[in-house]
Each structure stands twice: as structure tokens, then as C-alpha cells.
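Participant: need coordinates for the below:
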Amino acid sequence: MKNLSKIYYKFPLVIYQNLIIVFVLLLLIGCTASEKQMQVAQFKFEYEGNHYLIRSLYCPNNPRSCNHLIGDDFVAVDLNQDRIIDEVIRGDITTNKAQIIYDYSLNLLERDNKLIKVQNNSEELKYIFKRQNFIFEITTYILEIGEPFNQFKVVDNRLGKKRISLFNDLKVDGRLDEKLSGSCLIVDAQKYYEETIEEGLIANKIVRVENTVRVK
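Facilitator: This next block holds a predicted model:
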């Protein structure tokens, strides 16, 4: 299996006034308290006279770990900690502008030796299908512990604004079980998912075996 590089930060501090927010995020990414592996870190910095915060949540071998870039009037998220801002979930800032601020903060952390790349030993297999105004992405996660599952990403570029929705197929059976984020309805996402699977089968990038669907 190949190693996947993810990013989180040193000084795993949980600030008490943010406890409710952190608790909600812990529930969202599905890392239980009993595992005692969740690492939460915060980094405050200044860029062009404005103050920002990065909140990083990391759980080993959990693809739902994420980084939030938080400003006074916006929140943007790097959904898989690959240094790329995937979505603005609050506010009017563009993803391009958020990416510039995010890159600046990561460079600060690297300069001060406070940026850590974590090796995730799970295997990630990905298939991407593009059509007009849309990008569809199926990722099969094969974990060291637990059953494999598919994550389906819908990138909607209509109206000149990138909107991202995420879903999980927990049984890798071709049926979406849960919605993680975004505005796309799961009913519509299911149609896109089936279309992407069929395209992947034709391209020999996806395999269907014993009622399961996985990226090759």
C-alpha cells in the first residue's frame, strides 16, 4: 500500500471557550473519545493586518480529518488536509483568496518547524469523472482497521462558484449512506454516483465484485 501524506499542527490545545465547537467537530469526523487518538491544534496568525485562526482536527487513519481556516467573517475548510482549500462554508470570500491566506499560514508553520506531515497507512484509490460544469470523484479507502468504504465528491462549478458536496458509501455497494457536507441533495448525488460508477467501469478504473463497487 502506498503512504498518504496528511497535515496537522503541533501544540494540540483545546481552548475551553471553544469546547462546544470542538465537540461538534469531533462528532462530525467520527473519532470516538474512547480511541483517545484525536488531536486538536489551533494556530493564530496575522495576514495583511487581519487576524485568522487555523483549527486542525486529526484522527489516525480517518479520512474525515480536516483543517478549518477561520476569519472574522468566513470559514473555509481543507477537507482532507492536503494543503488545498476545498470549500468556503461561511462568508463571501473566494476559495482562491482563502487559499492565499492558507498558504501563507502553512509557510509560517513550516518556517517555525511547527508543521507535521502524518503518514496515513491506509490505501486511497481514486477515480475522477468530468463533465460540463461538474467534477465527480470516487475515492475507495482501504483501512488498516475497519471495513473499506467509498467517498463520493461532487464539485459543482455552475454559476461561476465552486460548490463541493461529500457523501459516503459505507458498504461499497453503490448506494450512498450519508451526507457529510455541501448543498447537493443525496437523491441527486446518488444519480451522479451511479453515472460515475458506470463511466469508471467502462474505463476499467472501477471494479464490481460480489455486490461491491471499488476503485481499482
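
Participant: contacts and neighbour counts: CA atoms only from here.
Facilitator: OK.

Participant: measure the residue nearest the centre of the chain to His68 for me?
Facilitator: Most central in the chain under C-alpha atoms, centre = their mean is Leu79, positioned 2.3 Å from the mean C-alpha point. Separation of Leu79 from His68 (C-alpha to C-alpha, to the nearest Å): 8 Å.

Participant: try Ser181
Facilitator: For Ser181, the distance to His68 - C-alpha to C-alpha - is 14 Å.

Participant: beta partners for the nearest residue to Phe43 once chain neighbours are set aside?
Facilitator: In this structure, Phe43 finds its nearest non-sequential neighbour in Ile54, 5.1 Å apart by C-alpha to C-alpha, 6 or more residues apart in numbering. With DSSP bridges applied, Ile54 shows beta-bridge pairing to Phe43, Leu69.

Participant: wait, Ile54 touches Cys66, no?
Facilitator: No. Using C-alpha atoms under 8 Å, Ile54 is not in contact with Cys66, being 10.4 Å away.

Participant: got the phi/psi numbers for the residue nearest to the centre of the chain?
Facilitator: phi -70, psi -30 (degrees, to the nearest 10).

Participant: centre of the chain to stretch 186-196, how far?
Facilitator: 19 Å (C-alpha atoms, centre = their mean, to the nearest Å).

Participant: quick one: mean pLDDT over that stretch.
Facilitator: Across stretch 186-196, pLDDT averages out at 97.

Participant: now do the buried residues in it.
Facilitator: Residues of stretch 186-196 classed as buried by neighbour count (16 or more other C-alpha atoms under 10 Å): Ile186, Ala189, Gln190, Tyr192, Tyr193, Thr196.

Participant: quick check: chain neighbours aside, which residue is closest to the first one?
Facilitator: In other words, Ile186. Closest residue to Ile186 apart from its sequence neighbours, by C-alpha to C-alpha, 6+ apart: Lys179 at 6.7 Å.

Participant: cool, and the third one?
Facilitator: Closest residue in space to Gln190, ignoring its immediate chain neighbours: Leu176 at 6.3 Å, by C-alpha to C-alpha, 6+ apart.

Participant: quick one: least confident helix or strand in this protein?
Facilitator: helix 19-29 (a mean of 37; mean pLDDT, DSSP states H and E).

Participant: and the strands in this protein?
Facilitator: Assigned by DSSP state E, the chain shows strands spanning 4-9, 39-47, 50-58, 66-70, 75-78, 87-90, 115-120, 123-131, 134-142, 149-156, 163-169, 178-181, 206-209, 212-215.

Participant: quick check: Ser181 touching Arg163?
Facilitator: No. Taking C-alpha under 8 Å as the definition, Ser181 is not a contact partner of Arg163, at 10.2 Å.

Participant: more crowded one of those two?
Facilitator: Higher neighbour count among Ser181 and Arg163: Arg163, with 20 against 15, using other C-alpha atoms under 10 Å.

Participant: contacting residues for that one?
Facilitator: Contact analysis of Arg163 by C-alpha atoms under 8 Å, 6 or more residues apart in numbering lists Glu87, Val155, Asp156, Asn157, Gly182, Ser183.

Participant: pLDDT below threshold where in the chain?
Facilitator: For the chain, applying pLDDT under 70 flags the ranges 1-39, 58-64, 116-124, 143-146.

Participant: Ile100 is nearest to which of the strands of the chain?
Facilitator: strand 39-47 (10.0 Å; C-alpha to C-alpha).
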